[in-house]
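> sequence and predicted model, in that order:
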Amino acid sequence: MVKTAAPESSDTRENILAVGQRIMAAKGFTAVGLNEVLTTSGVPKGSFYHYFQSKEAFGEALLTSYFNDYLADLDKTLQQPGLTMAQRLMNYWQNWQDTQSFMDCQGKCLAVKLGAEVADLSEAMRLAMKQGTSAIVARLAGAIEAGIQEKSLAVHGNPQSLAEGLYQLWLGASVLVKVERSRQPFESAMTLTRQVLHLPG
């Protein structure tokens, strides 16, 4: 009987990424050393370098994984059955508000936490961030366009520009929520979002 080598499991790689995302969402990228990630995930250093050539490569993979998961969740939200596209969009903003707590974002606010930091630190990570955020905006623009066509939204202006403005609004609100230790910036963002989309308060 011929022995076959066990295939490399993706579980170890996914575990490292999940732990890294959770820790770096709380502390940032440069403040977290690889030893902390490896100790928390229970993975030896040799295994880390089997999957990632460097901390920068790990950061790039981390962002790619984060945005893949984020986009999958966004797609589910924008495809919820039995709702208008306007309702789905507002559910997205409500979910943003509910999950991006200033106390503990639980790995859900990586773009907010790492955006400015990694853009200056690594070109590869900046591009991963740009690709991910551009994909989010593109989906929001498509949803706005669909809402206009189905008449659940009656907005003026280019859907792409509206999507960019709203995404930027919520990114800024997420930063201010942390600065002020208050949810008021989210409440203001929600009010303005309804005004931009011409939806009742």
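Looks like it arrived, so ask away.
> elements contacting the lengthiest helix in the chain?
What stands out as the longest helix in the chain, according to DSSP state H, is helix 123-150. When contacts are defined as 3 or more C-beta pairs under 8 Å, 6 or more residues apart in numbering; DSSP states H and E, helix 123-150 packs onto helix 55-78, helix 85-99, helix 110-121, helix 159-180. Where C-beta positions appear, they are placed from N, C-alpha and C, glycine not excepted.
> next, the angle from the third one to helix 55-78.
For helix 110-121 and helix 55-78, the angle between their directions (axes from the mean of the first three to the mean of the last three C-alpha atoms, to 10 degrees) works out to 150 degrees.
> which stretch in the helices and strands packed on helix 123-150 is the model least sure about?
Mean pLDDT values for these show the minimum at helix 110-121, a mean of 84.
> nearest to Lys27 among the helices and strands packed on helix 123-150 would be which one?
helix 110-121 (8.5 Å; C-beta to C-beta).
> just the angle for that closest one relative to helix 123-150, thanks.
Interaxial angle of helix 110-121 relative to helix 123-150 (the same axes, to 10 degrees): 140 degrees.
> for helix 110-121, the distance to its chain's centre please.
Distance of helix 110-121 from the chain centroid (C-alpha atoms, centre = their mean, to the nearest Å) equals 12 Å.
> restrict it to CA atoms and write it as PDB.
Written as PDB, here are the backbone C-alpha positions of helix 110-121 (Å, rounded to 0.1, in the frame of the first residue of the first chain):
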ATOM      1  CA  LEU A 110     -10.200  46.200  10.200                       C
ATOM      2  CA  ALA A 111     -10.500  48.800   7.400                       C
ATOM      3  CA  VAL A 112     -11.100  51.500   9.900                       C
ATOM      4  CA  LYS A 113      -8.300  50.400  12.200                       C
ATOM      5  CA  LEU A 114      -5.600  49.800   9.700                       C
ATOM      6  CA  GLY A 115      -6.500  52.000   6.700                       C
ATOM      7  CA  ALA A 116      -4.200  55.000   7.300                       C
ATOM      8  CA  GLU A 117      -1.500  53.000   9.000                       C
ATOM      9  CA  VAL A 118      -0.900  50.400   6.300                       C
ATOM     10  CA  ALA A 119      -1.400  52.800   3.400                       C
ATOM     11  CA  ASP A 120       1.900  54.500   4.500                       C
ATOM     12  CA  LEU A 121       3.600  51.300   5.600                       C
END
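> helices or strands next to that helix in the packing?
helix 11-27, helix 55-78, helix 123-150, helix 159-180.
> still on that earlier bit, out of the helices and strands packed on helix 123-150, which comes closest to Val19?
Closest to Val19 of the helices and strands packed on helix 123-150 is helix 55-78 (C-beta to C-beta; 10.1 Å).
> next, the buried residues of the closest one.
55-56, 58-67, 69-70, 74, 77-78 (16 or more other C-beta atoms under 10 Å).
> before we move on, the earlier item: and the helices and strands packed on helix 123-150: which comes nearest Gln131?
Here helix 55-78 is closest among the helices and strands packed on helix 123-150 (C-beta to C-beta), at 7.3 Å.
> that closest one to helix 11-27, inter-axis angle?
Going by the same axes, to 10 degrees, helix 55-78 makes 90 degrees with helix 11-27.
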